[in-house]
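Undergrad: predicted coordinates and the sequence they were generated for:
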Amino acid sequence: MLVALLALPASVPLVAFSQPLEPVISAGAPISGLTLAPQLEEHPLSPGQGTARFVLGDQVEAQGEQEVTVSGSAEVRTSTTVIKGDRLHYDATTDQADAYGNVRIINKGNTFSGPEAHLKVKANEGYMLSPSYRFIAGGSGSAQRIDVLDPERTVITRGTYTGCPCSQPAWNIKASRVEFDKANNLGVARNGVLFFQQVPLFASPYLSFPLSNQRVSGLLPPVVALGSTAGVDATLPYYFNIAPNRDLTLYPRYMSRRGMQLGADYRYLSPTYSGSLNVEYLPHDEVMQSRRYAIHAQHAQELGNSLGAYFNYNRVSDNTYPEDLTAGNMFMNGMQLLYQQEAGLTYNRGPWSALARVQRWQTLPPSAAPYGREPELDVKYERYDAYGFDFGAQANYSRFKITTADLTEGDRVFLKPYLSYPLLSSAYFIVPKLQYHLAAYNLNTIASTASASQPRHINTAIPTLSLDSGLIFERPVRFFGKEYIQTLEPRLYYVYTPYREQSFMPLFDSAESDFGLAEIYTENSFVGNDRIADANRLTAGITTRFTDSVTGDERARLVAAQQYYFQQQRVALLPNQPNMRANHSDLLLGAAFKLGAGFSSETAVQFNADDNELIRSNLGFGWSPADRKVFNLAYRYTRANPTLNYQPIKQAVISAQWPLSRRLYGVGRLNYGLDSHRVVDSLLGFQYDADCWAFGLAIQRFANGIDPSGANATGTRVLAQLEFKGLSRIDNGLIEQLRASVPGYVGLPPPLPPPSRFSNYE
C-alpha cells in the first residue's frame, strides 16, 4: 500500500516514524511484562490549528503537488474524518475529496455508506448519493441523497430514519426530507409517516423529535385513556423547552363524556428560587353542566441571611373534581380530598429556626375539615452536647379558624422547653429528660355543643420526666455455614406526667396517636399540643438482630415491646370517653427476615393477652429470585373498635411481576376484602419488551370516593404504554401505577449510553 503525504500549511507539524514504536509507559507496576495504557482521549486542536491529511491506496497517481488520484482501498484520513472508496480523487487546493465505489465516510463515529460521495474534508460539507447512515449517538436509515451542511447539520432527501439499533428495525419514519441539527438536539421530518412493522401509524407534514434524551420543544406523544367517569380520554400535549431551567407544557384534553379541557404546566428553577404552576380549565362539563377548574401552584424563594419564603396554593372548583377529572390526567393521578393553601417565611441559622405562615384548607367530603392557622409563628432553639447537655425550646402562637360552622375558634400560645443529659456508648445508653408544656388559650368562638361552663381563657402547665435506657450485647453465631453477628438489645423507657384536667380545652390539632413500635417509645399518647396524657408507665422492649459479618447486611430482626402502667391514664381525647382499665398495654411483636434467593418477610402484630384477642396484624412476604421476578403476599387485619370508631379490616393483597416468556411480562395486583367478600382494588396487565419497542396494557379498578349511600365507590380505567425506543413514549400513567401497585417492580431497562467513536474505529 502506498501513502501520500500532501503539502500542508507550515503551521501544521508533521510527524514521521523512523523507529519501531516503544511501549506506552504509564503509572503502575508492570504485569507479566506488560504496562497499563492510558484510556483513549480526545485532544481538541488549538484555535487556528489545522489537521494533517493522509491519502492511502494501492495505486497513487499525482497531478502536480496538490492533486492525487488513488485506486484500490483508497482512503483520505484526518484526525476526525475517514473517507474510503474503490477510487478517490483529492484536491488539496480546494480540500475536495471525490470518492466512487463502496464509499464509506466515518466522521466522529458517524458512518455514511453509498456508491458515490463528494466532500470538503476540513469544512465537513458535501453530499452522498443513495446512502445508508448511522449516527454514533443513535439513529440510522437510508436516503436517495444526503447533504452534510456542516459538522452539526445534515439533511437527507427521500429517506428513512429510525432510532432502533436492530438490523431489521421495527419502526421508522419515512419522509421527503429529514433535517438533523445536533447542536439543537432536533430532528425534523417533512411530510413524514411513522411506520410500525411496516404499517403506517401516524402522518404529519411536520414531525419533530429529539436526537438524544435531552429536552426539546415539540409535540409530545398523545395520551389516550378509557375510563368510567370521562369516557374516551385523549390528551395531546405540546412541550416548550423555554430555557435549561424553565419549561412549559400545554395539553388540550378531550373527554367524550365531559368535553374539551385546557391545561398548562409551567416549571422553573434557579439557584435562589424554584416552583411550578399547573392550571386546568373545563369551560363546560357536559355532565355537570358547569365550568370546572383546578389550580396547583408552589414557589420557594431564598431571601438571603438564612431567610426563605414559600407559598403553596391548591384549589378545585367543586367537590367531585378529583374523582371525575383526575383519573386519566397525565399530571394528577389519584384522589385528593384536602387542598392546602399556605404561604410563609422561614429562618434557619445555627440552633435557631423559625416559621411564620398563614394556612387554610379546602376540604372535600367525606373528609372532615381541619383547622387553619391564620396566622402561626413557631420558633425553635436546639443545642446538642453543650457540656454534655442537650437542651432547647419550642415557642408557638397560632390563631385557629375553620370553615365548618359552629365550631370553637381562638388563639393558642404554648412553650415547650426541655433539658436532657445523654450518656452514650457502644454498649449502653441512658437518656434522662425533663420537659415542660406551658399553654394558654383565648377562645373567641365557643361551639354550641360545648358545656355552658366552658371557659374562654385557659392556662395549663404540665411537666414530663422521662428516662430512656438500653444495653447492646453482641456475639458471633453461625447458621447454615455462614458467620453472623447477633445483637441482643433490651430497652426500658419510663415516663411520668402528672394529671391535669384538660376536658375543657379545645381540639385544634390533636388526635389519638397510633399504637405501634414507632410510637410506643414516646412521651405523649396524643399527637398535637391540645392534650398531654398523664403517665406513670414503663415501656419494656427487646430487639435481636442477625447481621452478616462480612457485608454488614441485616438479615433478621425480632422485636417485642409492651407498656406497664403504675397508674391509669385519665386524660381522654373527648369528654365522657371511657378510660382504659388494664395494667398493661397490648403486646407488640415485629419480625423482619431477609433470606437468600430473594426472599424477605415483615410482620407486625398487636395482641391483647388478657382477652386473648388479636387487635391488629400486618404480614408481608416478598420473593424476588431474579430481575423482573417479583411475588408479594400481604395480609392486613384490624379488629373493630367502636370507642375509637375503627372499622374492621380483613384484607389480603397479592401482587406480582413475572416473565411469561423471554419478552412478555405479566403484572397484577389484587386487594380482596375477606370480610366484605369484594374486591377493594385490582390491576391486571402485561408488558412486552422488544429490542426496538415496548408495549404495556392494564385494566385497573380503583377506589373513587364515597357514593351517596356511604359505601366506597369504585372506578375503572384502562392504562397503556407504547414506547418506540429512540423516539418517544406514550404512557397515560401505566408505569407510575405499576410501581405503586407492585412493591419491587422493575421497569424497562434504561437505554445504553452512546458508544465512543473509538469503539468501532476504522
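TA: Thanks, I have the structure now.

Undergrad: beta partners of the residue nearest to residue 482 when sequence neighbours are not counted?
TA: Using Cβ to Cβ, 6 or more residues apart in numbering and skipping the chain neighbours, the partner closest in space to residue 482 is residue 548 (7.4 Å). C-beta here means a position set from N, CA and C on the backbone, and glycine is covered the same way. In this entry, residue 548 is beta-bridged to residue 484, by DSSP bridges.

Undergrad: what is the burial count for residue 548?
TA: Using other Cβ atoms under 10 Å, residue 548 has 14 neighbouring residues.

Undergrad: tell me how far it lies from residue 599.
TA: 15 Å (Cβ to Cβ, to the nearest Å).

Undergrad: follow-up on the earlier one: isn't the residue nearest to residue 482 right up against residue 479?
TA: No: at 10.7 Å, residue 548 does not count as touching residue 479 under the criterion of Cβ atoms under 8 Å.

Undergrad: mind listing what residue 451 touches?
TA: 504, 575 (Cβ atoms under 8 Å, 6 or more residues apart in numbering).

Undergrad: distance of it from residue 405?
TA: 19 Å.

Undergrad: how about the helices of this structure, start to end?
TA: 321-325, 734-741 (DSSP state H).

Undergrad: pick the most deeply packed of the ones you listed.
TA: Neighbour counts (mean count of other Cβ atoms under 10 Å) averaged over each of the helices of the chain peak at helix 321-325, with a mean of 23.

Undergrad: how about the CA coordinates for that one, as PDB?
TA: The C-alpha trace of helix 321-325 is given here as PDB (Å, rounded to 0.1, in the frame of the first residue of the first chain):
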ATOM      1  CA  TYR A 321     -63.500  17.300  40.600                       C
ATOM      2  CA  PRO A 322     -60.800  14.700  41.700                       C
ATOM      3  CA  GLU A 323     -63.000  11.700  41.100                       C
ATOM      4  CA  ASP A 324     -64.400  13.000  37.800                       C
ATOM      5  CA  LEU A 325     -61.400  14.500  36.100                       C
END
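
Undergrad: list the helices and strands that helix packs on?
TA: Secondary-structure packing of helix 321-325 (3 or more Cβ pairs under 8 Å, 6 or more residues apart in numbering; DSSP states H and E): strand 292-304, strand 693-706.

Undergrad: contacting residues for residue 581?
TA: By Cβ under 8 Å, 6+ apart, residue 581 lies in contact with residue 568.

Undergrad: give me the pLDDT value at it.
TA: Here the pLDDT value assigned to residue 581 is 70.

Undergrad: same deal with residue 723?
TA: 84.

Undergrad: how deep is it tucked in, by neighbour count?
TA: 21.

Undergrad: isn't it right up against residue 691?
TA: No: the criterion here is Cβ under 8 Å, and residue 723 misses it with residue 691 at 11.9 Å.

Undergrad: so what's residue 200 closest to, chain neighbours aside?
TA: Excluding the flanking residues, the one nearest residue 200 by Cβ to Cβ, 6+ apart is residue 193, at 5.2 Å.

Undergrad: which residues does residue 183 contact?
TA: Contacts of residue 183 by Cβ under 8 Å, 6+ apart are 152, 153.

Undergrad: buried ones in stretch 102-114?
TA: Within stretch 102-114, the residues that count as buried by 16 or more other Cβ atoms under 10 Å are 103, 104, 105, 106, 107, 109, 110, 111, 112, 113, 114.

Undergrad: what's the answer for stretch 81-88, then?
TA: 81, 82, 83, 84, 85, 86, 87, 88.

Undergrad: of those, closest to residue 234?
TA: Proximity of these to residue 234, judged by Cβ to Cβ, is greatest for residue 81, which lies at 47.0 Å.

Undergrad: that closest one pairs with what?
TA: residue 107.

Undergrad: contacts only, for it.
TA: 105, 106, 107, 108, 121, 124.

Undergrad: where along the stretch 151-300 of the chain do the strands fall?
TA: Counting by DSSP state E, counting those that start in this stretch, residue ranges of the strands within the stretch 151-300 of the chain are 153-161, 171-181, 186-196, 199-210, 218-219, 223-227, 231-235, 238-243, 246-250, 253-255, 259-269, 273-282, 292-304.

Undergrad: next one: the stretch 1-150 of the chain
TA: 2-5, 54-57, 59-63, 67-77, 81-91, 96-107, 110-120, 125-129, 132-134, 140-148.

Undergrad: now the stretch 301-450 of the chain
TA: 307-316, 338-349, 352-363, 372-386, 389-401, 409-420, 423-424, 428-445.

Undergrad: thank you kindly, that will do.
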